[in-house]
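In: Build the 3D model from these lines:
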Amino acid sequence: MYLESERQDVVIYCKKLVTAGLTTGTGGNISVFNDKAGHFAISPSGVDYTDMTPEDVVVCDLDGKVVDGSLKPSSEIGLHRVFYRRRPDIKAVVHTHSTYATVLATLREDLPALSYLIAYAGVNVRCADYASYGTEELAEVTFEAMTDRHCALMANHGLVAGDADIASAFAVAEQIEHCCEVYVKARSIGSPVLLSEDEMRRTEKRFRTSYGQK
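Out: Numbers count the residues shown, from 1 in each chain. Okay, the predicted model is just below:
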């Protein structure tokens, strides 16, 4: 099977979207890019994640054309390919409809540096301007909001995360959803104390160079 490893990863992490509570139903989507082939594997539109198989996953080129697979790719294919075309550091994209990220995105607020874990994404997480789902406009405004970041909130919609591999991209999505939950709950009883930009930049550097198993 063409891009078998990438297709298997899409299935594995789509199922984790549900078990980790990052989406409901068939919401959200995941893709993995093979830069040597110049193609990416992306979850199909409207397929239940519990039933999805690697054969269901669609392989597309950077123009959005299907090169392998019989199903229709996610309606957010433009959101994925804009990163593969213009962010060489990103090889996997995770889009969620997670609850607390969507709460902040509905308020159209950025997520500030309330926790060192925000450094998974950068010094903060910006909220992109609103655009209709599945459009090139949505891809563009989200890409802009994720400049120098690995995550962005999508106004009235959800969250997108990207990184060098699917495990890292998924970790960003999980950690930022956790931080969104903490922020929303902290604001309900007081005013969160934020970390400095210098502290966030130091932490971001540590995450990218020395944290975890290399």
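In: which residues touch the closest residue to residue 201 other than its chain neighbours?
Out: Nearest residue to residue 201, sequence neighbours excluded (CB to CB, 6 or more residues apart in numbering): residue 123, at 6.1 Å. Heads up, the C-betas are built off the backbone N, CA and C, glycines and all. Residue 123 makes contacts with 113, 197, 200-201, 204, as judged by CB atoms under 8 Å, 6 or more residues apart in numbering.
In: ok, now with 10 Å
Out: 112-113, 148-149, 195-201, 203-204 (CB atoms under 10 Å, 6 or more residues apart in numbering).
In: low-confidence ranges in the protein?
Out: Low-confidence regions of the chain, defined by pLDDT under 70, span residues 210-214.
In: Show me where it has its strands.
Out: Listed in chain order, the strands of the chain (DSSP state E) span 29-34, 39-42, 58-61, 66-68, 92-96, 127-128, 151-154, 158-163.
In: Report the strands that pair with the shortest one, each with its relative direction.
Out: In this case it means strand 127-128. Strand 127-128 has these partner strands in its sheet, going by DSSP bridges: strand 151-154 (parallel).
In: Run through the neighbouring helices and strands of the lengthiest helix in the chain.
Out: Assignment by DSSP state H gives helix 166-189 as the longest helix of the chain. Secondary structure elements in contact with helix 166-189, counted by 3 or more CB pairs under 10 Å, 6 or more residues apart in numbering; DSSP states H and E, are helix 4-19, strand 29-34, strand 92-96, helix 99-107, strand 151-154, strand 158-163, helix 197-209.
In: Enumerate the positions of it that are buried.
Out: Neighbour counts over helix 166-189 (16 or more other CB atoms under 10 Å) mark 166, 168-184 as buried.
In: ok, now stretch 133-149?
Out: Neighbour counts using 16+ other CB under 10 Å place 138-143, 145-146, 149 of stretch 133-149 among the buried residues.
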